[in-house]
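In: below is the sequence, then the predicted model.
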Amino acid sequence: GVHEGFRRTVELDPSASSKSQKQVTIETLSLRPLVVSVEGFLSDEECDYIAEIASPQVKYSSVSLKDADKGKDSSEWRTSQSAFLSARDDEVL
C-alpha cells in the first residue's frame, strides 16, 4: 500500500518471452481498507468476452430485507449485480 496515490508498474510474468510479457500499473487508492487499482490487468477484448459469457447469468445481488421493505422488489434500491463463472477449461478466465 505504501501511501494513497502510490503507483508502481510491474511485469506480471517477467520470465515470459517479450511477446507475452504484460505490464500493469498498481495504484493505492486507500490504506484502510486497503484498496488498489490495477490498470492493464485485462484487455478490452478480455473484458468484452467476460461480459458476454456472464450476461445470461447476471442476477441482482441478494439482500436481507427489513420488515418495512418486505414485498418490495430489491431492484428498487439495490443496483449491484453479479454472476459466478467457472474458469475450468476457459483460457481467458
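Out: Looks like it arrived, so ask away.
In: for this structure, name the helix or strand with the lowest mean pLDDT.
Out: Lowest mean confidence among the helices and strands of the chain (mean pLDDT, DSSP states H and E): strand 59-60, at a mean of 83.
In: from the chain's centre, how far out does the lengthiest strand in the chain sit?
Out: Determined from DSSP state E, the single longest strand within the chain is strand 23-31. Strand 23-31 has its C-alpha centroid displaced from the chain centroid by 14 Å (Cα atoms, centre = their mean, to the nearest Å).
In: could I get the buried residue list for that strand?
Out: Residues of strand 23-31 classed as buried: Ile26, Thr28 (neighbour count, 16 or more other Cβ atoms under 10 Å). Placement of C-beta: from N, CA and C, glycine included.
In: so what touches the helix or strand following that strand?
Out: Per DSSP states H and E, the first helix or strand lying C-terminal to strand 23-31 is strand 34-39. With contact meaning Cβ atoms under 8 Å, 6 or more residues apart in numbering, strand 34-39 is reached by Gly1, Val24, Thr25, Ile26, Glu27, Thr28, Leu29.
In: closest to Arg8 among those residues?
Out: Closest to Arg8 out of the contacts of strand 34-39 is Ile26 (5.4 Å), distances taken as Cβ to Cβ.
In: need the pLDDT of the closest one.
Out: At Ile26, the model reports a pLDDT of 96.
In: repeat that for Arg7.
Out: So Arg7 comes in at 96 (pLDDT).
In: how about Ser62?
Out: Looking at Ser62, its pLDDT stands at 73.
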